[in-house]
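# take this sequence and fold it.
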Amino acid sequence: MAEGLLTGVGLGPEAMASERTVSVAEEVPASLEKGLFQDEDSSSNCSYHDKPGTSLQSFIPEGKTLFPEIFQTSQLLFYERFRAYQDYILADCKASEVREFTAEFLEKVLEPSGWRAIWHTNVFEVLVEITDVDFSALKAVVRLAEPYVCESEVNTFTLECVKELLDLKECRLPLQELWVVFDDSGVFDQTALAIEHVRFFYQHIWRSWDEEEEDEYDYFVRCVEPRLRLHYDILEDRVPSGLITDYHNLLSQCEESYRKFLNLRSSLSNCNSDSEQENISMVEGLKLYSEIEQLKQKLKLIENPLLRYVFGYQKNSNIQAKGARPNGQKVTHVVSSTMMTGLLRSLLRDKLCEGPWKDEMEIQFHSDPLAAINACYEGDTVIICPGHYVVHGTFSIADSIELEGYGLPDDIVIEKRGKGDTFVDCTGVDIKISCIKFVQHDAVEGILIIHHGKTTLENCVLQCETTGVTVRTSAEFLMKNSDLYGAKGAGIEIYPGSKCSLIDNGIHHCKEGILIKDFLDEHYDIPRISMVNNIIHNNEGYGVVLVKPTIFSDLQENIQDETEENKALKLQASGEADATERVDLEELIECAAGKMELPARADLSEQAQGNCEIVNELVAASTQKGQMKKKRLSDLGITQADDNLMSQEMFVAIVGNQFKWNGKGSFGTFLF
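Down below sits the predicted model:
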């Protein structure tokens, strides 16, 4: 649960404390009062902190005008807002009942009159007095306070303008535009907090289209909780900056499209003729509706704390490859915090002068591995000597280079400090990393991202923080004899259209071991996967998870009759596998093809069952992908003769993997 505080919301700089406003408040149940008030620990340096009667602090509005102090209510913790909305304001209401429930809540806790507030807009602030409250409309009836206090960004905004504006509004102002003037008696604490909850709700939670969406879930569970969590995750730097930008852009697009849709719908409702223009408008309305639904779905994926990391966002790396040096020379970069003569002799013997006919090479020395990588060109090699290196930037590798540790991984430790989006970012055609331990702290994104090209990781240790390794669409990843652990998301995320080979690795103590994303998207093939002799254990969820759309399960019945295609599937076992492994592989193929009897399946070990389940699901995914592609081509009048599953090069091998002590089992599927 989030523990950070919201930043204060300024109105404008400097002011003096106002005179005390007197009013009589009704008694409120202690449980309600406790649920709405801030904890006593949530304090500030306000001078009123120790005064009796109030548990809230005061806040001096910024600006040149001497406004009175107001209640500081913006710095509420996540669970304080969560409890207020869940237990007292919205409860189990539907979206269409939100205003009604909010009005009922305000009637219980809001002072109907006798308090002052600053009417705050984007252009001006004015001190007003509240004479009544229209609870059903969520508005307050106000009059200008005496003496008149106003601050405006427009010099021509005079007292007469304010009075004219109030007359146009019939002296009724939205509650969320009012900031309650501070009073240390405690009488108006509940009023200030209640208005803060209404203001926050309509600024950060409510969407104009929410009222039109109804389902079996109450509004709090469906919308309020995920949006509230996202808001605090953003405040506490737990969401990548790119994803935040994507979310706000999607939100703006959806609001604009929905506004156009409402205007179009309104014009159609006022039109009774069956004209050609009306038909055109209806087609346009359908297009807008479809666009809105797609945007809303994308917003929900980001708002949901699980799906946010399951689906991620398509970050495009802007790293540009340098290519070869103008003189064609390749350089060996040696990284060491201190260079001793013994270490230098060892390097010359083992790495720099490996053969009698070794060509002359240029060597550059660095004390920082990040500086060495930034100095690389195509074909360079970086040798990192034993030591503990702390870096504060991102390893952006755009050229084909080799990055190797000189010794055992535990002796060559690279630790990332600071909140960066990525630790190692790979876009090179052929990148090789070996014998290094990467340690990640306070991260937002994963420890290694392969955007495109091929990256080989061998004899490495990855101590992760959020996600482990992400293999993006069209990228290729080979991981051998390495150890990955500690990811709060998936240890390895495999995107559609990528190729991933995992051989003799340990993947453990993550949220999920391996997450395979299969969107059945018409533009991408499913990932090509090889998993041989990996040990996947002690993960909180599944060892391997396949993410797929609900359309996948809808098509399942159509796959049962396609066993001839499954017969064509052949798995390439490693040439080094012994006879027992080959027998297991044959069993897996038979299992995937649906040829094994149930008693025979029961005899498989837990290890073999896990491999079998993964193969079975990937075969089904491949078959359904092929069927969907054939149907699209058929609709276009194109026939395809080759239906062989191997033509898709779906995967090379799924064999010999061990699944132990995973919280939910060796394999699972997630439908979206």
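# so where's this structure shaky on pLDDT?
Low-confidence segments of the chain, defined by pLDDT under 70: 1-52, 214-216, 271-276, 309-319, 354-359, 418-421, 519-524, 549-608, 624-652, 672.
# repeat that for 50
Scanning the chain for pLDDT under 50 picks out the ranges 1-35, 37-51, 316, 552-603, 641-650.
# top strand in it by residue count?
strand 124-134 (DSSP state E).
# got the contact list for S336?
By Cβ atoms under 8 Å, 6 or more residues apart in numbering, the residues touching S336 are L343, F365, S367, I384, C385, G387. C-beta coordinates here come from the backbone N, C-alpha and C atoms, glycine included.
# excluding chain neighbours, what is closest to D399?
Leaving aside its chain neighbours, D399 sits nearest to E378 (4.5 Å; criterion: Cβ to Cβ, 6 or more residues apart in numbering).
# helix, strand, or coil at that neighbour?
Here E378 is recorded as coil under DSSP: H, G, I helix; E, B strand; the rest coil.
# that one and A324 touch, don't they?
Yes. Counting by Cβ atoms under 8 Å, A324 is a contact partner of E378 at 4.6 Å.
# helix or strand: which one has L288?
Assigned by DSSP states H and E, L288 belongs to helix 276-303.
# one more: I492?
strand 490-494.
# same for that strand, what does it pack against?
strand 469-471, strand 483-485, strand 499-503, strand 506-508, strand 512-517 (3 or more Cβ pairs under 8 Å, 6 or more residues apart in numbering; DSSP states H and E).
# ok now the last one, how far from the chain's centre?
A distance of 16 Å separates the centroid of the chain from that of strand 512-517, by Cα atoms, centre = their mean, to the nearest Å.
# got the CA positions of stretch 613-621 in PDB?
Written as PDB, here are the backbone C-alpha positions of stretch 613-621 (Å, rounded to 0.1, in the frame of the first residue of the first chain):
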ATOM      1  CA  GLU A 613       1.500 -28.000 -20.400                       C
ATOM      2  CA  ILE A 614       3.700 -25.300 -22.000                       C
ATOM      3  CA  VAL A 615       4.100 -27.200 -25.200                       C
ATOM      4  CA  ASN A 616       0.400 -28.000 -25.400                       C
ATOM      5  CA  GLU A 617      -0.600 -24.300 -24.900                       C
ATOM      6  CA  LEU A 618       1.900 -23.100 -27.500                       C
ATOM      7  CA  VAL A 619       0.800 -25.600 -30.000                       C
ATOM      8  CA  ALA A 620      -2.800 -24.600 -29.500                       C
ATOM      9  CA  ALA A 621      -1.800 -20.900 -29.800                       C
END
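# how far does that stretch sit from its chain's centre?
Using Cα atoms, centre = their mean, the offset of stretch 613-621 from its chain centre is 28 Å.
# ditto for stretch 289-306
13 Å.
# next, name the residue at the spatial heart of this structure.
Nearest to the mean C-alpha position of the chain, by Cα atoms, centre = their mean, lies R308 at 3.7 Å.
# verify the contact between it and L301 for me.
Yes. Contact criterion Cβ under 8 Å: R308 and L301 qualify, at 6.9 Å.
# give the intersection of the neighbour lists for these two.
The contact sets of R308 and L301 do not overlap (Cβ under 8 Å, 6+ apart).
# quick one on the thing from earlier: now render the helices and strands packed on strand 490-494 as TSV, adding mean neighbour count and distance to D425.
Converted to TSV, the helices and strands packed on strand 490-494 look like this (neighbours: other Cβ atoms under 10 Å; distance: least, Cβ to Cβ, whole Å):
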stretch	mean neighbour count	distance to D425
strand 469-471	27	10
strand 483-485	21	17
strand 499-503	21	18
strand 506-508	23	21
strand 512-517	28	19
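# now render those strands as a markdown table, adding distance to S58.
Converted to a markdown table, the helices and strands packed on strand 490-494 look like this (distance: least, Cβ to Cβ, whole Å):
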| stretch | distance to S58 |
| --- | --- |
| strand 469-471 | 47 |
| strand 483-485 | 48 |
| strand 499-503 | 57 |
| strand 506-508 | 52 |
| strand 512-517 | 47 |
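# tell me which of those lies nearest to E151.
Checking those against E151 by Cβ to Cβ gives strand 469-471 as the closest, at 49.5 Å.
# got the contact list for the closest residue in space to Y485 that isn't next to it in sequence?
Leaving aside its chain neighbours, Y485 sits nearest to H509 (4.5 Å; criterion: Cβ to Cβ, 6+ apart). Contacts for H509 (Cβ under 8 Å, 6+ apart) come out as Y485, G486, N538, N539.
# by neighbours, which of the residues you listed wins?
The residue in those with the most neighbours, by other Cβ atoms under 10 Å, is N539 (28 neighbours).
# surely it is within a helix?
No. Assignment of N539 by three-state DSSP gives coil, placing it outside any helix.
# report whether the expected contact of it with K488 is present.
No. Using Cβ under 8 Å as the test, N539 is too far from K488 to be in contact (11.4 Å).
# shared neighbours of those two, anything?
C510, K511.
# adding distance to F188, write the contacts of H509 out as TSV.
Supplementary listing: the contacts of H509 in TSV, determined by distance: Cβ to Cβ, whole Å:
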residue	distance to F188
Y485	53
G486	48
N538	54
N539	51
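# closest to G186 out of the residues you listed?
Closest approach to G186 among the contacts of H509 (Cβ to Cβ): G486, at 47.2 Å.
# I'd guessed that closest one sits against N538; true?
No. Applying Cβ under 8 Å, one finds G486 not in contact with N538, separated by 11.0 Å.
# pull up the pairing partners for the longest strand of the chain, direction included.
For strand 124-134, the paired strands and their directions (DSSP bridges) read strand 115-120 (antiparallel), strand 139-144 (antiparallel), strand 150-152 (antiparallel).
# so which bits of that strand are buried?
F124, E125, V126, L127, V128, E129, I130, V133 (16 or more other Cβ atoms under 10 Å).
# what's near enough to touch the spatially closest residue to S96 that is not a sequence neighbour?
Nearest residue to S96, sequence neighbours excluded (Cβ to Cβ, 6+ apart): E211, at 5.4 Å. By Cβ under 8 Å, 6+ apart, the contact list for E211 reads A95, S96, V98.
# I'd guess E211 is in a strand, am I close?
No. With three-state DSSP as the criterion, E211 is located in helix rather than a strand.
# and the strands paired with strand 124-134: which comes nearest G446?
Of all those, strand 115-120 sits nearest to G446, with 41.4 Å by Cβ to Cβ.
# list the contacts of the closest one.
11, 18, 21, 23, 61, 67-68, 70, 125-130, 140, 142, 145, 173, 177-181, 183, 188, 191.
# so E378 and A324 - more neighbours on which side?
Neighbour comparison, E378 and A324: the larger count goes to E378, with 18 against 15 (by other Cβ under 10 Å).
# name the SS class of A620, please.
Three-state call for A620 (three-state DSSP): helix.
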